[in-house]
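[1] Sequence and predicted structure, then a few things I'm wondering about:
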Amino acid sequence: MKLRLVIILVWIVLISLLVSRNLFIPDVNTDISATLAQARETSFYGIWFKNRRIGYVENNVHPKASGGFYLDQRAFLRLNVLDRVEQVDMHLAANLDSRQRLEDFDFSFRAPFYVLKARGKVDGHTMSFVTDTGGETRKEMAVLKDLPLIDTHHRSFLLNPVPAPGHKVKIPFFDPLSLSSRETIVEYVGQEKILIKARIYRLHHFRSSFSGVRINSWLDKNGKVIKEESPAGFIFLSEPAFKAHNIQDSGEELLSAVAVPYSGILPEKTQTTIDYRLEMPSDEAFDLDGGRQQYKDRRLRIKLEDIAAGADSRTGGPGCGDPAAMLPSRYVQSDHPEIIAQAEALMTGGGDTLKKVRFLAAWIYEHIDKRPVIGLPDALATLHGRKGDCNEHAALFAALARAAGIPARIASGVMRHQDRFYYHAWNEVCLDGQWVSLDTTRNQLPADLTHIRLVIGDLEEQVRISTLLGKLKIKIMPWEDDEYTGNN
């Protein structure tokens with residue numbers, strides 16, 4: 001069966017940029033009433049990828065008679081995923097106070113096979129919100145460390161006064177997709193001459209970072225965003241409406257555009273160990289060491305797990321003991337009655353934990369149609385729709401396994417397919433005190449040695465992988481049957 005992958009990290013970066021815009025807002029001097037009173041126009045941004053306009057963003061900000069502002073932001077994209085054109089629509093409506101702090105919001109995300117709706121309200125340092133993925137409505141509350149802020153296309157407060165190059169501020173922002181508040185560090189790089197579509201601009205350059213992801217923005221003298229650039233290669237350009245709406249095509253195939261080439265020779269299929277040399281901006285933010293992976297000095301050794309018959313699950317043994325591996329989360333709904341019922345129905349045959357794991361993995365492999373789904377990897381929605389890529393497979397397995405009392409978590413990283421490494425997600429389960437890998441899109445237990453784990457965890461953790469786009473280099477090293485030391 002042809003491998004079906006889709007890069008969750010691409011749309012995470014996209015949505016963070018399109019809807020949250022990274023919220024470059026310090027805690028002081030953010031009152032922009034005067035600026036927005038003079039700038040009521042609707043602004044448009046073309047979304048570019050590999051020199052092709054593949055979508056647009058429309059911003060509307062209007063002062064309210066009662067004070068504060070009303071934000072209406074819409075985005076449309078046409079994405080080429082595995083040579084299939086997928087359309088994505090997003091809409092954010094929000095009420096803000098005069099300092100752009102969020103009061104309430106209504107957000108929707110629509111793509112083929114996936115719909116998310118969310119609405120929420122802020123009361124002091126508490127946010128209450130409701131989410132609906134078409135299969136379930138959930139009510140939640142979150143305590144916020146800082147008052148959530150949200151951005152508009154005007155950022156004049158960053159230039160009043162113009163900071164010195166190297167000046168940094170910490171700012172909280174609200175992300176309506178993940179329904180969370182993140183702290184972003186914004187640094188003023190300086191004023192630069194920049195060429196945009198055959199025209200030279202003199203703009204103020206800001207660089208922001210959150211969860212290791214860096215975004216570059218260029219503002220004019222009035223504080224309006226003229227250009228933004230993401231690590232995934234997406235560029236946002238301020239354009240007239242007729243240009244922004246002129247979507248040329250769906251652009252280059254996303255998966256291939258961010259795939260990682262490798263050098264070296266793959267070992268024989270019978271080999272149980274493989275050594276890699278990894279080159280990346282920073283290895284400190286990734287989960288490279290642990291379980292079957294040993295990492296030191298940019299050298300990674302992966303050993304295929306030896307799974308004994310009759311293996312059982314234990315959370316307290318070496319390598320396990322991860323409490324989150326037994327808990328439900330927003331999109332791994334192991335406590336939902338339908339997930340529990342499905343897990344119980346699949347476990348009627350009994351047997352040891354290894355037998356249960358094999359049965360669960362085989363059922364997902366056989367019953368979930370392997371096709372790209374642009375959206376959040378939602379276990380319950382996947383159970384209903386019976387389709388998804390690696391992310392949906394991993395989320396559903398984690399939910400069913402946890403519901404059955406088996407510690408399970410999601411691993412994300414890259415995996416070799418044909419002549420390159422692609423983003424991929426799979427699972428790890430606790431068997432006899434050790435984490436064992438499995439891939440339900442390929443029916444592998446354990447997963448083969450070309451699965452390189454970079455992060456462990458749900459959506460909030462997976463976003464870290466986007467920092468490696470275009471920067472990760474992989475070399476397969478000649479293997480020597482010696483004790484691993486991690487030396488060059």
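    Sure thing, it's come through.
[2] which regions of this protein lie under the pLDDT threshold?
    Scanning the chain for pLDDT under 70 picks out 1-41, 134-135, 151-152, 177, 211-212, 250-251, 283-284, 309-311, 313-319, 479-488.
[3] Against Thr131, how distant is Thr320?
    Residue 320: Cys, not Thr. Separation of Cys320 from Thr131 (C-beta to C-beta, to the nearest Å): 31 Å. The way it works is simple: take the backbone N, C-alpha and C, and place the C-beta from them, glycine included.
[4] ok, now Ala198?
    The gap separating Ala198 from Thr131 is 44 Å, by C-beta to C-beta.
[5] what about these two, which has more around it?
    Between Ala198 and Thr131, counting by other C-beta atoms under 10 Å, Thr131 is the more crowded of the two (20 against 5).
[6] how about the nearest residue to Cys390 once chain neighbours are set aside, what does it touch?
    In space, Cys390 comes closest to Ala425 once its chain neighbours are excluded; the distance is 4.5 Å by C-beta to C-beta, 6 or more residues apart in numbering. By C-beta atoms under 8 Å, 6 or more residues apart in numbering, the residues touching Ala425 are Ile8, Pro377, Cys390, Asn391, His393, Ala394, Ile410, Ala411, Ser412, Gln462.
[7] The fifth one touches Glu366, doesn't it?
    No - if you go by C-beta atoms under 8 Å, His393 and Glu366 don't touch, sitting 11.4 Å apart.
[8] Looking at those two, which is more packed in?
    For His393 versus Glu366, neighbours defined as other C-beta under 10 Å are more numerous around His393 (26 against 9).
[9] Please settle this for me: is the more buried one part of a helix?
    Yes - assessed by DSSP: H, G, I helix; E, B strand; the rest coil, His393 belongs to a helix.
[10] and it, what does it touch?
    Residues near His393 by C-beta under 8 Å, 6+ apart: Ile364, Tyr365, Ile368, Lys370, Thr382, Ala425, Thr440, Thr441.
[11] residues making contact with the host helix or strand of the fifth one?
    Element membership of Thr382 [criterion: DSSP states H and E] is helix 379-385. Applying C-beta under 8 Å, 6+ apart, the external contacts of helix 379-385 come out as 113-114, 133-136, 331-334, 336, 338-339, 342, 368, 373, 375, 388, 392-393, 395-396, 398-400.
[12] cool, stretch 48-56 as well?
    By C-beta under 8 Å, 6+ apart, stretch 48-56 touches 44-47, 75-80, 88, 233-237, 239, 243-252, 254, 257.
[13] what's the helix or strand containing Ile339 packed up against?
    Element membership for Ile339 (DSSP H and E) is helix 337-346. The contact analysis (3 or more C-beta pairs under 8 Å, 6 or more residues apart in numbering; DSSP states H and E) places helix 337-346 against helix 353-367, helix 379-385, helix 390-403.
[14] one step back: need the max-distance pair from the contacts of Ala425.
    The span of those, defined through C-beta to C-beta, is set by His393 and Gln462 at 14.2 Å.
[15] now the helices for the stretch 201-350 of the chain?
    Using DSSP state H, counting those that start in this stretch, the helices of the stretch 201-350 of the chain run over residues 241-244, 254-257, 337-346.
[16] List the buried residues for the last one?
    It refers to helix 337-346. Neighbour counts over helix 337-346 (16 or more other C-beta atoms under 10 Å) mark Glu338, Ile339, Ile340, Gln342, Ala343, Leu346 as buried.
[17] between those, which is closest to Glu140?
    Nearest to Glu140 among the buried residues of helix 337-346 is Ile339, at 17.5 Å by C-beta to C-beta.
[18] My read is that the closest one contacts Gln333, right?
    Yes - counting by C-beta under 8 Å, Ile339 does reach Gln333; the two are 5.6 Å apart.
[19] list the residues that contact both of these two?
    Ala379, Leu380, Ala399.
[20] and which of those is nearest Leu92?
    Leu380 (23.9 Å).
[21] The closest one - how many residues pack around it?
    Using other C-beta under 10 Å, Leu380 has 23 other residues around it.
[22] can I assume Val85 is in contact with Leu79?
    Yes - look at Val85 against Leu79 with C-beta under 8 Å: they come within range, at 7.3 Å.
[23] These two: who's more crowded?
    Neighbour totals were compared for Val85 and Leu79, and Leu79 leads with 23 against 13 (other C-beta under 10 Å).
[24] follow-up on the earlier one: can you tell me which of the contacts of helix 379-385 are buried?
    By neighbour count, with 16+ other C-beta under 10 Å, the contacts of helix 379-385 hold 113-114, 133, 135-136, 331-334, 336, 338-339, 342, 368, 373, 375, 388, 392-393, 395-396, 398-400 as buried.
[25] Name the residues of stretch 118-135 that come out as buried.
    Result for stretch 118-135 [16+ other C-beta under 10 Å]: buried residues Ala118, Arg119, Gly120, Val122, Met127, Phe129, Thr131, Thr133, Gly135.
[26] Could you tell me how far it lies from the centre of the chain?
    Distance of stretch 118-135 from its chain centroid, counting by C-alpha atoms, centre = their mean, to the nearest Å, is 20 Å.
[27] neighbours around Lys145, how many?
    Other residues close to Lys145 by other C-beta under 10 Å number 9.
[28] got it, and the one 10 residues further on?
    The local packing of Arg155 (other C-beta under 10 Å) involves 26 other residues.
[29] before we move on, back to that, helices or strands up against the following helix or strand past the helix holding Thr382?
    Next in sequence after helix 379-385, counting helices and strands by DSSP H and E, comes strand 387-388. With contacts taken as 3+ C-beta pairs under 8 Å, 6+ apart, strand 387-388 sits against strand 369-370.
[30] Could you rerun that using 10 Å?
    When contacts are defined as 3 or more C-beta pairs under 10 Å, 6 or more residues apart in numbering; DSSP states H and E, strand 387-388 packs onto strand 369-370, helix 379-385, helix 390-403.
[31] any chance of those in a markdown table, plus distance to His205?
    Output for the helices and strands packed on strand 387-388, formatted as a markdown table (distance: least, C-beta to C-beta, whole Å):
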| stretch | distance to His205 |
| --- | --- |
| strand 369-370 | 43 |
| helix 379-385 | 40 |
| helix 390-403 | 34 |
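[32] To Asn160, which of those lies closest?
    Ranking the helices and strands packed on strand 387-388 by proximity to Asn160 (C-beta to C-beta) places helix 390-403 first, at 42.4 Å.
[33] what comes up buried for the longest strand anywhere in the chain?
    In the chain, taking DSSP state E as the definition, the longest strand is strand 180-196. Neighbour counts over strand 180-196 (16+ other C-beta under 10 Å) mark Ser180, Ser181, Arg182, Thr184, Val186, Glu187, Tyr188 as buried.
[34] between the helices and strands packed on strand 387-388, which gets nearest to Leu360?
    Closest to Leu360 of the helices and strands packed on strand 387-388 is helix 390-403 (C-beta to C-beta; 5.5 Å).
[35] For that closest one, list the C-alpha coordinates in PDB.
    C-alpha atoms of helix 390-403 as PDB (Å, rounded to 0.1, in the frame of the first residue of the first chain):
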ATOM      1  CA  CYS A 390      -0.200   9.100  10.000                       C
ATOM      2  CA  ASN A 391      -1.300  11.800  12.500                       C
ATOM      3  CA  GLU A 392      -4.900  10.500  12.700                       C
ATOM      4  CA  HIS A 393      -3.700   6.900  12.900                       C
ATOM      5  CA  ALA A 394      -1.400   7.700  15.800                       C
ATOM      6  CA  ALA A 395      -4.000   9.700  17.700                       C
ATOM      7  CA  LEU A 396      -6.600   7.000  17.400                       C
ATOM      8  CA  PHE A 397      -4.200   4.300  18.500                       C
ATOM      9  CA  ALA A 398      -3.100   6.300  21.500                       C
ATOM     10  CA  ALA A 399      -6.800   6.900  22.500                       C
ATOM     11  CA  LEU A 400      -7.900   3.200  22.100                       C
ATOM     12  CA  ALA A 401      -4.800   1.900  23.900                       C
ATOM     13  CA  ARG A 402      -5.200   4.300  26.800                       C
ATOM     14  CA  ALA A 403      -8.800   3.400  27.000                       C
END
